[in-house]
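**Q** need coordinates for the following:
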Amino acid sequence: MELTQKQKVIYICHPYTGNEEFNRQDARKIALKLKMQYPDSCIVNPLDLFYWTTGKLTYNEIIKMCLTILSHCDTIYLCKRWEKSHGCKIEFEQAILEKMEVMKE
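**A** Got it, this is the predicted structure:
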């Protein structure tokens, strides 16, 4: 790949609250799977990206940061159970507004 070629950026939309450690590990596995499937893409895993915020920021502050990162992505990848997560539904709505490609697990 040429350095001047823009990489496709895929945002992993994965539930978090309720079983945080399991969800973080699952999102990591999905990130690896996506990278293997789309080697020229940049995979964004917000569960790891914003891990440092745990207990330090409010839910709304974290969602705002997630939406900022999502706005720089080309594709949203909806993981299983996304429709049961309030945060995932917000991210999905934003992706639709921005006319992003939608992929599903």
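
**Q** what's the mean pLDDT across stretch 96-105?
**A** For stretch 96-105, the mean pLDDT works out to 97.

**Q** sorry, that was for stretch 84-91
**A** Mean predicted confidence for stretch 84-91 is 97.

**Q** kindly export it (C-alpha atoms) in PDB.
**A** The C-alpha coordinates for stretch 84-91 follow below in PDB (Å, rounded to 0.1, in the frame of the first residue of the first chain):
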ATOM      1  CA  LYS A  84     -29.700  -3.500  23.100                       C
ATOM      2  CA  SER A  85     -27.000  -0.900  24.000                       C
ATOM      3  CA  HIS A  86     -28.000   2.700  24.400                       C
ATOM      4  CA  GLY A  87     -24.500   3.900  23.400                       C
ATOM      5  CA  CYS A  88     -24.500   1.600  20.300                       C
ATOM      6  CA  LYS A  89     -27.800   3.000  19.200                       C
ATOM      7  CA  ILE A  90     -26.500   6.500  19.500                       C
ATOM      8  CA  GLU A  91     -23.400   5.600  17.400                       C
END
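
**Q** what's in contact with it?
**A** Outside stretch 84-91, the residues that touch it by C-beta atoms under 8 Å, 6 or more residues apart in numbering are 11, 13-17, 59, 63, 66-67, 70, 76, 78-79, 82-83. No exception for glycine: its C-beta is placed from N, CA and C like everyone else's.
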